[in-house]
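Novice: sharing a model that was predicted from the sequence below.
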Amino acid sequence: MLLAGDIGGTKTTLAAYGPNAAARAPLVETTYPSAEYPSLEALVQVFINQTRLDFERASFGVAGPVVEGASTITNLPWKMSETQLSAALGIPSVRLLNDLEAAAYAIPSLGPADLRTLHAGRAAPEGPIALIAPGTGLGEAFITRRGGRIEVHPSEGGHCDFAPTNALQVGLLEYLRQREGHVSFERVCSGRGIPNVYAYLRDNGFAPEPEWLAALLAGTEDDTPAIVTAAMDRERPCALCAATVEMFVAILGAEAGNLALKVLATGGVYLGGGIPPRILSFLEAPRFLEAFQHKGRFAELLARIPLHVILNRKVALLGAAQYGLHRA
């Protein structure tokens, strides 16, 4: 029996699999609010008590870096290790994966219903694959392939220095540098980053802030959903929000192109995370592809690389299960 999990700062999804199960067909699957539990062990113990199942293996995708089998959830005070979890839960084999690493294990099994293709390109059959995922933060990972076998390589590339590509973005860098010090891509290309882009455009008079939106933002702790919703609203268009998402898309395209060059992702680039499926109309406009391919002498190479948006919201759980069923 395998226990697989997608462990996030907001919610945790756990699923149980029998000996011959497929990753898409768990015996039981339950989602819990992470912050209501003092630790991952406590949460998992609730699942075990509810299901009354005994597990021989567990594989968890966690929202944080995993170093030597240990991790701390980025947005929770949870510290965990494979040995600690194994002992506390009585599960002989426990593996921790970075959540992007887990999602990457699912990519080879994704089908047409799981994806929206932005650019078909010409994928190299065994070329490396890149995954970039703007959600709450900005995750990155890549896959290498040989002889039908894949190897997944986690990364914290989202924390690399933000590199502006035009005068407006140079202004954004300076605006945030004065407030934050170090400005990473995650500061401008994630759920946390969208309010930073919005504030920069608003404070520099790029477009007026509607009174109704100012009142809405004053009453919420997370500005990003309101900004994105207003940008997508055709009945009550907000020029400031649309400009924010357009800038976000240009930055995402540029960093996706950077990642593609760094790992030579001739097998394709996949956009994961919660934001891309919500802004498909912006990603399908020319701005994203132009930013992705705008790499001087390497524009022709990037034009051959396929680009896909992952629509499957359970990709990290699916990848953790794939790893547990076939690798652990």
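Specialist: Cool, got the structure.

Novice: for this protein, what's the longest helix?
Specialist: Under DSSP state H, the helix in the chain containing the largest number of residues is helix 239-263.

Novice: leaving out the residues flanking it, which one is nearest to residue 76?
Specialist: residue 9 (5.1 Å; C-beta to C-beta, 6 or more residues apart in numbering). The way it works is simple: take the backbone N, C-alpha and C, and place the C-beta from them, glycine included.

Novice: neighbours of that neighbour, how many?
Specialist: 18 (other C-beta atoms under 10 Å).

Novice: so it makes contact with residue 40?
Specialist: No - with contact defined as C-beta atoms under 8 Å, residue 9 does not count as touching residue 40 (11.9 Å).

Novice: hey, where'd the strands end up in the stretch 201-328 of the chain?
Specialist: Along the stretch 201-328 of the chain, counting by DSSP state E, counting those that start in this stretch, strands occupy 268-271, 307-310.

Novice: any buried residues in the last one, and which?
Specialist: Buried positions in strand 307-310, judged by neighbour count with 16 or more other C-beta atoms under 10 Å: 307-310.

Novice: helices and strands around it, which ones?
Specialist: Under the contact criterion of 3 or more C-beta pairs under 8 Å, 6 or more residues apart in numbering; DSSP states H and E, strand 307-310 touches strand 115-119, strand 268-271.

Novice: what mean pLDDT does that strand have?
Specialist: Regarding strand 307-310, the rounded mean pLDDT is 98.

Novice: what strands line up against it, and which way round?
Specialist: Applying DSSP bridges, strand 307-310 is found paired with strand 115-119 (antiparallel), strand 268-271 (parallel).

Novice: got JSON lines for those strands, with mean pLDDT and mean neighbour count too?
Specialist: As requested, the strands paired with strand 307-310 are exported to JSON lines (pLDDT from 0 to 100; neighbours: other C-beta atoms under 10 Å):
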{"stretch": "strand 115-119", "mean pLDDT": "98", "mean neighbour count": "17"}
{"stretch": "strand 268-271", "mean pLDDT": "98", "mean neighbour count": "26"}
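
Novice: out of those strands, which is closest to residue 3?
Specialist: Closest approach to residue 3 among the strands paired with strand 307-310 is made by strand 268-271 (26.1 Å; C-beta to C-beta).

Novice: other residues contacting the closest one?
Specialist: By C-beta atoms under 8 Å, 6 or more residues apart in numbering, the list of residues contacting strand 268-271 from outside reads 107, 115, 118, 121, 123, 127, 129-134, 252, 256, 259-260, 283, 292, 305-310.

Novice: how near is residue 220 to residue 242?
Specialist: The span separating residue 220 from residue 242 equals 19 Å under the rule C-beta to C-beta, to the nearest Å.

Novice: what about these two, which has more around it?
Specialist: For residue 220 and residue 242, the more surrounded residue by other C-beta under 10 Å is residue 242, and the numbers stand at 17 against 10.

Novice: can you show me the strands along the stretch 1-150 of the chain?
Specialist: Taking DSSP E, counting those that start in this stretch as the criterion, the stretch 1-150 of the chain carries its strands at 2-7, 11-17, 28-33, 57-62, 66-67, 70-72, 79-81, 93-98, 115-119, 129-134, 138-146, 149-155.

Novice: following the last one, which helix or strand comes up?
Specialist: Using DSSP states H and E, the helix or strand that follows strand 149-155 in sequence is helix 167-180.

Novice: how about that following helix as PDB, C-alpha atoms only?
Specialist: Extracted as PDB, the C-alpha positions of helix 167-180 are listed here (Å, rounded to 0.1, in the frame of the first residue of the first chain):
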ATOM      1  CA  ALA A 167      12.400  50.300 -19.800                       C
ATOM      2  CA  LEU A 168       9.100  49.700 -17.900                       C
ATOM      3  CA  GLN A 169      10.600  46.600 -16.300                       C
ATOM      4  CA  VAL A 170      13.800  48.400 -15.400                       C
ATOM      5  CA  GLY A 171      11.500  50.900 -13.500                       C
ATOM      6  CA  LEU A 172       9.800  47.900 -11.700                       C
ATOM      7  CA  LEU A 173      13.200  46.600 -10.700                       C
ATOM      8  CA  GLU A 174      14.300  49.900  -9.200                       C
ATOM      9  CA  TYR A 175      10.900  50.400  -7.500                       C
ATOM     10  CA  LEU A 176      11.100  47.000  -5.700                       C
ATOM     11  CA  ARG A 177      14.900  47.200  -5.100                       C
ATOM     12  CA  GLN A 178      14.300  50.300  -2.900                       C
ATOM     13  CA  ARG A 179      11.600  48.400  -0.900                       C
ATOM     14  CA  GLU A 180      12.900  44.800  -0.900                       C
END
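
Novice: on that earlier part again, between residue 9 and residue 40, which contacts overlap?
Specialist: Here residue 9 and residue 40 share the contacting residues residue 73, scored by C-beta under 8 Å, 6+ apart.

Novice: would JSON lines of the strands paired with strand 307-310 with distance to residue 22 be doable?
Specialist: Shown next, in JSON lines, are these (distance: least, C-beta to C-beta, whole Å):
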{"stretch": "strand 115-119", "distance to residue 22": "19"}
{"stretch": "strand 268-271", "distance to residue 22": "21"}
